[in-house]
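Engineer: Requesting a structural model of the entry that follows:
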Amino acid sequence: MTTAEPKIRRALLSVSDKSGLTDFARALADMGVELISTGGTATALREAGLAVKDVAELTGFPEMLDGRVKTLHPKVHGGLLAIRGNAEHDAQATAHGIEPIDLLVVNLYPFEATVAKGADFDTCIENIDIGGPALIRGAAKNHAGVTVVLEPGDYARVLEEMRANDGATTLATRKHLAAKAYARTGAYDAAISGWLARELEEATPDWRAFGGKRTHALRYGENPHQTAAFYASGDTRPGVASAIQHQGKELSYNNLNDTDAAFELVAELPATMPAVAIIKHANPCGAAIGVTLKEAYEKALRCDPVSAFGGIIALNGTIDADAAREITGIFTEVVIAPDATDEAKAIFATKKNLRLLTTGGLPDPKAAGLMVRSLAGGLLVQSRDNHVSIAGDLKVVTKRAPSEQELADMLFAFTVAKHVKSNAIVYVKEGATVGIGAGQMSRVDSARIAAAKSADAAKAIGAAEALTRGSVVASDAFFPFADGLLTAAEAGATAVIQPGGSMRDEEVIKAADEKGLAMVFTGVRHFRH
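Structural biologist: The predicted structure follows:
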């Protein structure tokens with residue numbers, strides 16, 4: 001290294017996460033670094049037998065206002081911000097008794113964790129760190145001469161460099177740590193502003209900030225030439241961000257996207273019965289309920305066994321051995337569920353390329369949240385589609401009302417349609433999808449594709465007729481013409497659920513009556529692009 005690298009002589013440590021703290025501080029002290037600290041951090045270091053100077057001793061000013069003011073002082077910020085080797089800065093620092101601080105080790109108050117625990121408003125406010133972000137930003141700005149460390153995971157790197165470089169870190173490391181520091185304070189402010197917006201019930205505030213911590217450095221994105229990573233936002237919603245991976249190689253970008261889609265769908269299926277959803281390329285290719293998870297899986301697979309190969313399987317309960325044996329009958333990329341028995345885990349372990357994820361729970365389909373999509377020059381932000389239709393919401397618009405079984409299947413079909421890319425058509429019979437048409441520019445094409453897939457599935461199991469015979473059909477948006485509904489009737493559907501609201505609703509209702517169909521309107525559309 002060059003002699004221009006600044007040697008670390010004084011360090012300020014103030015952390016809420018004290019893991020690895022005393023070992024790190026002792027290593028610094030052994031290299032002759034003077035330790036300055038505050039509050040609980042200083043106490044922990046003294047209890048470990050280390051010599052520590054209180055910030056109050058450095059500043060000549062006591063901590064006050066219940067600890068809200070302790071590091072907000074020129075002798076602290078001046079020590080961090082003075083440019084090393086700048087004659088004017090050196091003269092001013094000397095005149096005011098300011099000594100340089102070469103290393104800053106700070107964790108922020110655990111605001112995100114406090115909110116996640118459901119703390120009251122005042123407690124959340126008290127867990128908003130003020131001094132910490134100010135220190136971090138100052139040290140990061142002056143990274144030419146100051147090292148800033150926010151996480152215990154970086155302690156080893158700093159010590160290794162100091163030992164190799166006569167007590168100094170390299171500029172490359174200081175730049176890296178500074179970039180991380182600004183990202184962390186940005187994410188912290190995003191969490192605070194987002195929380196306040198929710199508290200104020202401001203759905204679309206003038207300014208939006210988003211942040212997250214990288215949890216997965218992915219090999220590539222949707223395609224090998226794209227870079228990608230997964231960042232956790234701090235949301236406590238059970239799912240891919242919080243899941244435990246029990247086996248298998250690392251998850252890819254597409255795995256994570258599809259697994260999230262599968263788990264969100266299965267969480268919305270009837271919670272009173274075992275349920276399974278199978279996803280391929282973010283679209284359901286089968287979903288069902290059954291007496292057991294094994295039965296639900298068999299029914300879901302029957303809908304489109306060809307597409308299910310290499311897919312994602314989500315279950316709404318603890319996976320048992322019977323379900324695990326059935327699932328391992330074909331190649332599957334990912335299985336996700338709240339839990340799995342030890343016997344089931346052992347069965348999955350025989351498939352080395354299968355990833356098993358457990359989440360400890362299911363996400364609440366009715367919970368509020370935000371969906372974010374990037375566009376050229378900005379972000380498109382909307383609330384999560386958390387509307388759940390129930391029987392009381394439905395309006396019968398045909399001469400014939402649906403039977404009890406038809407009604408149950410219609411609600412099931414409409415739930416699945418909500419998770420299918422638009423235009424979406426979903427056929428369901430006896431609690432299982434039997435045909436799914438997704439992502440077509442024409443709704444009638446989606447109806448035809450779903451019927452054709454159902455016919456193919458029937459041939460695969462040796463059935464005499466298409467599985468859609470005697471089914472119900474759901475459309476995620478209204479039928480603009482009667483042709484889509486007539487296609488469904490030709491496929492064998494006996495009942496229809498759709499939002500309604502077309503200029504030609506009367507024409508569509510008339511066509512349904514002529515075919516003897518029962519039809520209900522939900523009044524709610526579920527586009528998914």
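Engineer: Show me the strands in the stretch 201-350 of the chain, by range?
Structural biologist: In the stretch 201-350 of the chain, the strands defined using DSSP state E, counting those that start in this stretch lie at 213-217, 229-232, 244-247, 275-280, 283-289, 311-315, 318-319, 332-337, 339-340.
Engineer: any chance of the ones you listed in a markdown table, plus mean pLDDT and mean neighbour count?
Structural biologist: C-beta here means a position set from N, CA and C on the backbone, and glycine is covered the same way. A markdown table is the format used below for the strands of the stretch 201-350 of the chain (pLDDT from 0 to 100; neighbours: other CB atoms under 10 Å):
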| stretch | mean pLDDT | mean neighbour count |
| --- | --- | --- |
| strand 213-217 | 89 | 14 |
| strand 229-232 | 92 | 14 |
| strand 244-247 | 95 | 14 |
| strand 275-280 | 97 | 28 |
| strand 283-289 | 96 | 27 |
| strand 311-315 | 97 | 28 |
| strand 318-319 | 98 | 22 |
| strand 332-337 | 97 | 24 |
| strand 339-340 | 97 | 20 |
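Engineer: need these in JSON lines with distance to Gly361, can you?
Structural biologist: What follows is those, written out as JSON lines (distance: least, CB to CB, whole Å):
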{"stretch": "strand 213-217", "distance to Gly361": "18"}
{"stretch": "strand 229-232", "distance to Gly361": "16"}
{"stretch": "strand 244-247", "distance to Gly361": "12"}
{"stretch": "strand 275-280", "distance to Gly361": "15"}
{"stretch": "strand 283-289", "distance to Gly361": "19"}
{"stretch": "strand 311-315", "distance to Gly361": "13"}
{"stretch": "strand 318-319", "distance to Gly361": "11"}
{"stretch": "strand 332-337", "distance to Gly361": "10"}
{"stretch": "strand 339-340", "distance to Gly361": "9"}
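Engineer: do you know which of these lies nearest Ser446?
Structural biologist: Nearest to Ser446, of all these, is strand 283-289, at 11.2 Å by CB to CB.
Engineer: so what does the closest one touch, helix or strand wise?
Structural biologist: Counting contacts by 3 or more CB pairs under 8 Å, 6 or more residues apart in numbering; DSSP states H and E, strand 283-289 packs against helix 253-268, strand 275-280, helix 293-303, helix 305-308, helix 404-417, strand 433-437.
Engineer: out of the ones you listed, deepest packed?
Structural biologist: Mean neighbours per residue, mean count of other CB atoms under 10 Å, is largest over the helices and strands packed on strand 283-289 for strand 433-437, with a mean of 32.
Engineer: on contacts alone, who are the packing partners of it?
Structural biologist: Applying 3+ CB pairs under 8 Å, 6+ apart, one finds that strand 433-437 makes contact with strand 283-289, helix 293-303, helix 404-417, strand 425-428, helix 443-461.
Engineer: so what strands line up beside it?
Structural biologist: Its sheet considered, strand 433-437 pairs with strand 425-428 (antiparallel) by DSSP bridges.
Engineer: which residues touch the partner strand?
Structural biologist: 284, 409-410, 412-414, 416-417, 420, 433-437, 443, 446-447, 449-451, 454, 467-468, 471-475, 484, 488, 491, 493 (CB atoms under 8 Å, 6 or more residues apart in numbering).
Engineer: Which among the helices and strands packed on strand 283-289 is found nearest to Pro100?
Structural biologist: For these, the distance to Pro100 is smallest for helix 253-268, at 44.3 Å, taking CB to CB.
Engineer: Now for Asp385: which residues touch it?
Structural biologist: Asp385 makes contact with Met371, Lys418, His526, Arg528, according to CB under 8 Å, 6+ apart.
Engineer: Quick check: phi and psi at it.
Structural biologist: Here the main-chain torsion angles of Asp385 (degrees, to the nearest 10) amount to phi -70, psi 90.
Engineer: likewise Val55?
Structural biologist: Dihedral angles (degrees, to the nearest 10) for Val55: phi -60, psi -40.
Engineer: Equivalent analysis for Val15, please.
Structural biologist: When read as degrees, to the nearest 10, the backbone of Val15 gives phi -130, psi 150.
Engineer: Distance of the nearest residue to it once chain neighbours are set aside relative to Ala277?
Structural biologist: Nearest residue to Val15 in three dimensions, chain neighbours excluded: Asn107, at 4.2 Å (CB to CB, 6 or more residues apart in numbering). Distance, Asn107 to Ala277, by CB to CB, to the nearest Å: 39 Å.
Engineer: do the same with Val434
Structural biologist: Note on Val434: its distance to Ala277, by CB to CB, is 15 Å.
Engineer: Please apply the same query to Ala450.
Structural biologist: Applying CB to CB to Ala450 and Ala277 gives a distance of 17 Å.
Engineer: try Asn223
Structural biologist: From Asn223 to Ala277 the distance is 25 Å (CB to CB).
Engineer: do His89 as well
Structural biologist: Counting by CB to CB, the gap from His89 to Ala277 is 62 Å.
Engineer: Same check on Arg528?
Structural biologist: Noted for Arg528: a distance of 14 Å to Ala277, by CB to CB.
Engineer: Arg174 now?
Structural biologist: From Arg174 to Ala277 the distance is 48 Å (CB to CB).
Engineer: how about low-confidence regions in this structure?
Structural biologist: Of all residues in the chain, those with pLDDT under 70 make up the ranges 1-4, 60-61, 64-72.
Engineer: just checking, what's the longest helix in it?
Structural biologist: Across the chain, the longest stretch assigned as helix under DSSP state H is helix 171-199.
Engineer: any idea how far Leu135 is from Leu12?
Structural biologist: As judged by CB to CB, Leu12 and Leu135 stand 7 Å apart.
Engineer: Give me the neighbour count for Arg157.
Structural biologist: For Arg157, the tally of surrounding residues (other CB atoms under 10 Å) stands at 14.
Engineer: cool, the one 3 residues further on as well?
Structural biologist: Applying the criterion other CB under 10 Å, we find 12 residues in the vicinity of Glu160.
Engineer: Now the helix or strand hosting it - C-alpha only, PDB.
Structural biologist: For Glu160, the host element (DSSP states H and E) is helix 155-164. What follows is helix 155-164, C-alpha atoms only, in PDB (Å, rounded to 0.1, in the frame of the first residue of the first chain):
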ATOM      1  CA  TYR A 155     -15.500  -6.500  11.200                       C
ATOM      2  CA  ALA A 156     -13.300  -9.300   9.900                       C
ATOM      3  CA  ARG A 157     -12.600  -7.500   6.600                       C
ATOM      4  CA  VAL A 158     -11.600  -4.200   8.400                       C
ATOM      5  CA  LEU A 159      -9.300  -6.000  10.900                       C
ATOM      6  CA  GLU A 160      -7.700  -8.100   8.100                       C
ATOM      7  CA  GLU A 161      -6.800  -4.900   6.100                       C
ATOM      8  CA  MET A 162      -5.600  -3.100   9.200                       C
ATOM      9  CA  ARG A 163      -3.200  -5.900  10.000                       C
ATOM     10  CA  ALA A 164      -2.000  -6.100   6.500                       C
END
